[in-house]
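Participant: fold the following.
(chains A and B)
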There are 2 protein chains.
Amino acid sequence: MKKESVVNPWEVSGEVDYNKLIKDFGVERIDAKLLARIKKHTKEVHPFLARNIFFAHRDLHWLLDEYEKGNKFYLYTGRAPSGPVHLGHLLPWIFTKWLQDTFDVELWFQFPDEEKFLFKQNLDFKEIEGYMQENMLDIIALGFNPKKTHFIIDTQHANLMYKEACKVAKRITFSTVKAAFGLNEQSNIGSIFYTSMQAVPAFLPSVIKGKEIPCLIPHAIDQDPHFRVTRDVLPKLGHYKPASIQCFFLPPLTGSAGKMSSSEENTAIYTTDSPEQVKKKINKYAFSGGRDTLEEHRKIGGNPDIDISFQYLKYLFEPNDKKLKKIESDYRSGKLLSGELKAILIEKINLFLKEHQKNREKAKKIIDKFILK
Amino acid sequence: MKKESVVNPWEVSGEVDYNKLIKDFGVERIDAKLLARIKKHTKEVHPFLARNIFFAHRDLHWLLDEYEKGNKFYLYTGRAPSGPVHLGHLLPWIFTKWLQDTFDVELWFQFPDEEKFLFKQNLDFKEIEGYMQENMLDIIALGFNPKKTHFIIDTQHANLMYKEACKVAKRITFSTVKAAFGLNEQSNIGSIFYTSMQAVPAFLPSVIKGKEIPCLIPHAIDQDPHFRVTRDVLPKLGHYKPASIQCFFLPPLTGSAGKMSSSEENTAIYTTDSPEQVKKKINKYAFSGGRDTLEEHRKIGGNPDIDISFQYLKYLFEPNDKKLKKIESDYRSGKLLSGELKAILIEKINLFLKEHQKNREKAKKIIDKFILK
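Facilitator: Below is the predicted model:
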């Protein structure tokens, strides 16, 4: 029996049924028509769009209507620091950077440092602060424009945020957060309030500028309940509903259920892993779609659809469609062995991480440029 | 049938039964032994103590133990701005000033500007901001020491407060606030979170100084549920439980049920009322314990126990016990008429307000000295 999957901002487990999520959450699938419309502005379509990794949205047509009228949007995404950054985290941020560059727009990057504090029993602020500093390096290393990127930290920018969060909170009942997030009477009152703080960057730039600016939120699908609530409230406060665009989770090394998770070390490749660690993790843990014996593999071929190494190439590391197609058909035919496929991925990841780690070092000197003054 | 009374931070109505409150809230009555112990330090006992207007406490003996060991306390009180200040508001603040002067201690004065925003449907932050400025003038006019008094405004000092409030909030469940404040599933999530912010000044100075400082909270009894919850949580965060001292409500002009309220104009004398307004309000609305006819009054005398004018003299305007006693016996005997009693009160109030209004004007120039930097 297939285990029931769970997807909410604090838990992703089981085999995620994305078709069911689209229906349950009420997001819209990104279709060919929308892709064509995006392409009109971006010239190139990012592989994450072409490959359906960013697969759903809310109000993207409205956002493009506004854009075409000259009403430029800004981007909002975030990271709740509670551990080291792994490859799965990078996926929406890489796409966010592409959006920033392509549309030449501002980005508000939220660090809700109180979120995981409130939702994880044994995490304290000191530990979170350490992760936050490290996480910021990973984000900066991706190349965001320091002149157009603003880091806001909930507890450190509370003078700006708390009052606005109260305006949101006044419009949300306990019943609503109970239904949207599965909270209950034993939930702590900070966790109950929290979604109000996550709503704030979806309109704070409009408050600061004194005029409404459309907002686009690229995010992994598990965060959608927050923005669903945000979208209900914001028009009541005289603000636009934020548009959003949702991506899949990068699967964990160990298979296709759940998502890559910092708290399970063997499921994740961290941005600070050494080439040897990457090699060892992929070879040892990456779930293979290959056959039990060499003979069998040569004869009936591997299954790329369940092969994690192939999935990572598709998701992140082989943007060239032709090359990806060749790897896929070679693997399916049995020409490419599982070990060979893993070797391709290991090389690609290590090449990426070498550059990323170099940029991460450089980032240490410029963190201050990113934090909102 | 006597109407059931309600006393919580957002509603005080009905004939308040203070004996029942002591039992329900679990505070201790201030007895002769405690008064004697206070007197050892203060030399004079403030009339509010001698007349039992501050009638209950939590942990005052512990606070004095610490004080006698050389571990000085600080004071914490507050004002949620949602209207003009009336005489009833002044009562705990006048006492707080006496404590500040007598013990030479710091005072943290909180302005939870989000509280009434969250609890009153039709109040917005702009209106609250206006009241807050006005309310600050009244507080400063009472003569607090600007070097030892720190105003903190929840939304403007959120950088200091929100993180600490989250630490408190993590230890409070929805069940607890439901039981303590009568909130329910339809309550907004800001109102559910709010008590965490009211807890913060009870330990913030200790966080800032990096050592535990005992805290004493003088307040009207309706605020006790907040501090009951605060006292449960703080030891879990490594802080002292705050001590507290509770006063009665100044009754409304119209009689002894409920409390003087800004939202019912005829029940309240505002600090900005003119001498004519005071005269008119007292003569027209102050509930009298006098008799229906002059003859009857001369014959059987008035009842000071239910006479609002006499109560105000006792609570606020006749600190001299001998003089108060004479007024009481003259009124009881019928020698003093209701109109004459009112005339005494009117003169006293107007004398007080003349001075207060002068100080209020001067306060305009020094607000900045009080706001925490």
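Participant: do you know the pLDDT at residue A:3?
Facilitator: Residue A:3 carries a pLDDT score of 59 in this model.
Participant: against residue A:259, how distant is the residue nearest to residue A:144 when sequence neighbours are not counted?
Facilitator: Residue nearest to residue A:144 in three dimensions, not counting chain neighbours: residue A:97, with 5.7 Å by CB to CB, 6 or more residues apart in numbering or on different chains. In this view, the C-beta of every residue, glycine as well, is placed from N, C-alpha and C. According to CB to CB, to the nearest Å, residue A:97 stands 21 Å off from residue A:259.
Participant: now residue A:114
Facilitator: From residue A:114 to residue A:259 the distance is 22 Å (CB to CB).
Participant: show the contacting residues for residue A:159.
Facilitator: B:155-159 (CB atoms under 8 Å, 6 or more residues apart in numbering or on different chains).
Participant: dump the residues you listed to a markdown table, plus secondary structure and pLDDT.
Facilitator: Below are the contacts of residue A:159 laid out as a markdown table (DSSP: H, G, I helix; E, B strand; the rest coil; pLDDT from 0 to 100):
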| residue | secondary structure | pLDDT |
| --- | --- | --- |
| B:155 | coil | 98 |
| B:156 | coil | 98 |
| B:157 | coil | 98 |
| B:158 | helix | 98 |
| B:159 | helix | 98 |
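Participant: taking those residues together, which two end up most distant?
Facilitator: B:155 and B:159 (10.4 Å; CB to CB).
Participant: looking at chain A, which residue lies furthest from center?
Facilitator: residue A:295 (39.7 Å; CA atoms, centre = their mean).
Participant: tell me how far the strand or helix carrying that one is from the chain's mean position?
Facilitator: Residue A:295 is part of helix A:294-300, with elements assigned from DSSP states H and E. Centroid separation for helix A:294-300 versus its chain: 37 Å, with CA atoms, centre = their mean, to the nearest Å.
Participant: can you pull the contacts of the residue lying closest to residue A:169 once chain neighbours are set aside?
Facilitator: In space, and not counting its chain neighbours, residue A:169 is closest to residue B:190: 3.0 Å by CB to CB, 6+ apart. Going by CB under 8 Å, 6+ apart, residue B:190 touches A:165-166, A:169-170, A:193, A:196, B:114, B:118.
Participant: same thing but 6 Å
Facilitator: Applying CB atoms under 6 Å, 6 or more residues apart in numbering or on different chains, we find residue B:190 in contact with A:166, A:169-170, B:118.
Participant: dump these to CSV, plus pLDDT, neighbour count and secondary structure.
Facilitator: Below are the contacts of residue B:190 laid out as CSV (pLDDT from 0 to 100; neighbours: other CB atoms under 10 Å in any protein chain shown; DSSP: H, G, I helix; E, B strand; the rest coil):
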residue, pLDDT, neighbour count, secondary structure
A:166, 98, 27, helix
A:169, 98, 29, helix
A:170, 98, 24, coil
B:118, 98, 23, helix
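Participant: low pLDDT regions in the stretch 1-150 of chain A?
Facilitator: Scanning the stretch 1-150 of chain A with the threshold set as pLDDT under 70 gives A:1-3.
Participant: excluding its backbone neighbours, what's nearest the residue of it found nearest chain B?
Facilitator: Proximity of the stretch 1-150 of chain A to chain B (CB to the nearest CB) peaks at residue A:114, 4.6 Å away. Distances taken as CB to CB, 6+ apart place residue B:166 nearest to residue A:114, at 4.6 Å, with adjacent residues excluded.
Participant: any idea which element the spatially most central residue of chain A lies in?
Facilitator: For chain A, residue A:92 is the residue whose C-alpha lies nearest the centre (CA atoms, centre = their mean; 3.6 Å). In this structure, residue A:92 sits in helix A:87-103 according to DSSP H and E.
Participant: contacts for the strand or helix carrying the residue of the stretch 1-150 of chain A closest to chain B, please.
Facilitator: Using DSSP H and E, residue A:114 sits within helix A:113-119. Contact with helix A:113-119 is made by A:10, A:80, A:82, A:123, A:125, A:128, A:132, A:153-155, A:190-191, A:194, B:166, B:170, as judged by CB under 6 Å, 6+ apart.
Participant: can you rerun that using 8 Å?
Facilitator: By CB under 8 Å, 6+ apart, the list of residues contacting helix A:113-119 reads A:10, A:80-82, A:123-125, A:128-129, A:132, A:153-156, A:188, A:190-191, A:194, A:197-198, B:162-163, B:166, B:169-170.
Participant: contact partners for the residue lying closest to residue A:363 once chain neighbours are set aside?
Facilitator: Nearest residue to residue A:363 in three dimensions, chain neighbours excluded: residue A:140, at 3.8 Å (CB to CB, 6+ apart). By CB under 8 Å, 6+ apart, the contact list for residue A:140 reads A:146, A:359-360, A:363, A:366-367, A:370.
Participant: max pairwise distance over those: which two?
Facilitator: A:146 and A:360 (15.1 Å).
Participant: neighbour count: those two, which is higher?
Facilitator: Shown here are residue A:146 and residue A:360; by other CB atoms under 10 Å in any protein chain shown, residue A:360 has more neighbours (21 against 13).
Participant: separation between the more buried one and chain B?
Facilitator: 27 Å (CB to the nearest CB, to the nearest Å).
Participant: could you name the helices and strands sitting against the host helix or strand of residue A:361?
Facilitator: Using DSSP H and E, residue A:361 falls within helix A:338-363. Here helix A:338-363 touches helix A:125-141, helix A:275-285, helix A:308-312, helix A:321-333, going by 3 or more CB pairs under 8 Å, 6 or more residues apart in numbering or on different chains; DSSP states H and E.
Participant: same thing but 10 Å
Facilitator: Contact partners of helix A:338-363 among helices and strands, from 3 or more CB pairs under 10 Å, 6 or more residues apart in numbering or on different chains; DSSP states H and E: helix A:87-103, helix A:125-141, helix A:275-285, helix A:294-300, helix A:308-312, helix A:321-333.
Participant: nearest residue to residue A:102 in space, please, no chain neighbours.
Facilitator: Of all residues not flanking residue A:102 in the chain, residue A:42 sits nearest, at 4.9 Å (CB to CB, 6+ apart).
Participant: ok so residue A:260 is a helix residue?
Facilitator: No - counting by DSSP: H, G, I helix; E, B strand; the rest coil, residue A:260 is not found in a helix; it is coil.
Participant: what residues are up against the residue lying closest to it once chain neighbours are set aside?
Facilitator: Excluding the flanking residues, the one nearest residue A:260 by CB to CB, 6+ apart is residue A:88, at 3.4 Å. If you count contacts by CB atoms under 10 Å, 6 or more residues apart in numbering or on different chains, residue A:88 has them with A:220, A:248-252, A:259-262, A:267-269, A:312, A:315-316.
Participant: what is the nearest of the residues you listed to chain B?
Facilitator: Of all the contacts of residue A:88, residue A:262 has the smallest distance to chain B: 20.9 Å, by CB to the nearest CB.
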